[in-house]
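Colleague: Task: produce atomic coordinates for the following.
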Amino acid sequence: MQRSPVNPWPWSLNVGYNQAEVISDVSRQVICAGQTSVDENGAPQHAGDMRAQIALALDNLEAVLAGADMDLSNVINLRVYATDVDAALANFDLMGMRFGPHQVAPPMTLLGVNRFALPDLMFEIEAVAAA
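Modeller: Numbers count the residues shown, from 1 in each chain. Have a look, this model is predicted:
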């Protein structure tokens, strides 16, 4: 897989994502369902703790990708949802800590939502990956 970033303006690089990426030479694609702060039984974890919820959602995303023989370096698009956008942004260093070592900055959208299916959840991350 080849990735070519498209950034007509550099500001998004300062917050960790490309405006677009041209993806070529892809042999397979994985579309991940939204990952949240739940345990292996689907029970919500870390009620009221945005940082811990983001960390566990990322752990769960990495587990799903590993099940498809991929990792965060394969992610080509992210959609992030939060019940408190300011709290999510205050903890977005976790995203950089996870994606930074892979040297990728996939295009991303962050949206504020009223609530999730399980009321204690505050953060959800969807990903598209390719190899």
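
Colleague: And the lowest-mean-pLDDT helix or strand in the chain, what's buried?
Modeller: Sorting the helices and strands of the chain by mean pLDDT, DSSP states H and E puts helix 11-14 at the bottom, at a mean of 90. For helix 11-14, the neighbour count (16 or more other C-beta atoms under 10 Å) marks residue 12 as buried. C-beta: built from backbone N, CA, C; applies to glycine.

Colleague: immediately after it, which helix or strand?
Modeller: strand 20-24 (DSSP states H and E).

Colleague: average pLDDT across that next one?
Modeller: For strand 20-24, mean pLDDT rounds to 95.

Colleague: Check residue 16 and give its pLDDT.
Modeller: We have a pLDDT of 88 for residue 16.

Colleague: swap that for residue 69, sorry
Modeller: Per-residue pLDDT puts residue 69 at 97.

Colleague: What number of residues are in the vicinity of the residue nearest to it when sequence neighbours are not counted?
Modeller: Distances taken as C-beta to C-beta, 6 or more residues apart in numbering place residue 131 nearest to residue 69, at 7.8 Å, with adjacent residues excluded. Using other C-beta atoms under 10 Å, residue 131 has 16 neighbouring residues.

Colleague: roughly how far apart are residue 131 and residue 28?
Modeller: According to C-beta to C-beta, to the nearest Å, residue 131 and residue 28 sit 6 Å apart.

Colleague: ok, now residue 3?
Modeller: Computed as C-beta to C-beta, the residue 3 to residue 28 distance reads 15 Å.

Colleague: the more surrounded of the two?
Modeller: The neighbour count for residue 3 versus residue 28, taken as other C-beta under 10 Å, is higher for residue 3 (17 against 12).

Colleague: Return the distance of the helix or strand residue 63 falls within from the chain's centre.
Modeller: Following DSSP H and E, one finds residue 63 within helix 50-67. Offset of helix 50-67 from its chain centre (C-alpha atoms, centre = their mean, to the nearest Å): 8 Å.
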